[in-house]
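# could you look at this predicted model? Sequence included:
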Amino acid sequence: MNLPRLLKHLFVPGWAGRRAFPAATLRKIEDAIRASEEQHDGELRFVAESAMPLHYLRGARPSRRRAEDLFAQLRVWDTEHNSGVLIYVQLLNRHIDIVADRGIAAKVPQAEWNAVCRAMEAEFRRGRYEAGALEGLSRITALLARHFPARGAHPNELPDKPLVL
């Protein structure tokens, strides 16, 4: 285990995430998610976390493991058409992971999700969290509208409100 990384995650306070995503930014993200879901059959969930729990810091891809666990814990997988998408923002490392349910993963290649993640990370490195999140959501909307277009009205199965852990 990398000791400096461990200490960083251990001592970063939870308010760091709230500083990157203040209430006004969270409202804009929520509005963007709501507008996005009108254009496709996907269900989006946005989660930002300052520092990961320590037991995730072992292994090669800790933020991916954390994202997959949150995908399950938040029941993003539990949508009628297997159309849930989790956008996980690990703030301390400015790393993004997108986990898509099998209905969407069958249609959208992982390389396309990775491109969205890298674009968001580039904005975050510049300290532009709101712009990065909104640009990422715009790109996700375009992907889902192309690969998973809306088939009429569908219920809002996941909360649109972003979650900051």
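That came in fine, so what should we check first?
# which residues of this structure score low on pLDDT?
Within the chain, the stretches with pLDDT under 70 are 1-18, 54-61.
# quick one, longest helix in it?
With secondary structure taken from DSSP state H, the chain has its longest helix at helix 129-147.
# just list what that one packs against, helices and strands only.
Contact partners of helix 129-147 among helices and strands, from 3 or more CB pairs under 8 Å, 6 or more residues apart in numbering; DSSP states H and E: helix 23-37, strand 43-49, strand 84-90, helix 110-125. Yep, even glycine has a C-beta here, placed from its N, CA and C like the rest.
# mind saving the C-alpha coords of it as CSV?
Taking C-alpha atoms only, helix 129-147 is exported to CSV below (Å, rounded to 0.1, in the frame of the first residue of the first chain):
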residue,chain,number,x,y,z
TYR,A,129,-15.5,21.3,-11.3
GLU,A,130,-18.9,22.7,-12.4
ALA,A,131,-17.8,23.1,-16.0
GLY,A,132,-16.3,19.6,-16.1
ALA,A,133,-19.4,18.0,-14.6
LEU,A,134,-21.8,19.8,-16.9
GLU,A,135,-19.6,19.1,-20.0
GLY,A,136,-19.4,15.4,-18.9
LEU,A,137,-23.2,15.2,-18.5
SER,A,138,-23.6,16.8,-21.9
ARG,A,139,-21.3,14.2,-23.5
ILE,A,140,-23.1,11.4,-21.7
THR,A,141,-26.5,12.8,-22.9
ALA,A,142,-25.2,12.7,-26.5
LEU,A,143,-24.0,9.1,-26.1
LEU,A,144,-27.2,7.9,-24.6
ALA,A,145,-29.4,9.7,-27.0
ARG,A,146,-27.5,8.1,-29.9
HIS,A,147,-27.2,4.6,-28.4
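# quick check: angle from it to helix 23-37?
Here helix 129-147 points in a direction 10 degrees away from that of helix 23-37 (axes from the mean of the first three to the mean of the last three CA atoms, to 10 degrees).
# which residues does helix 129-147 contact?
Contacts to helix 129-147, defined as CB atoms under 8 Å, 6 or more residues apart in numbering, come from residues 20-21, 25, 28-29, 32-33, 35-36, 39-42, 44, 46, 85, 87, 89, 96, 98, 104, 107-108, 112-113, 115-117, 119-124.
# right, I'll leave it there.
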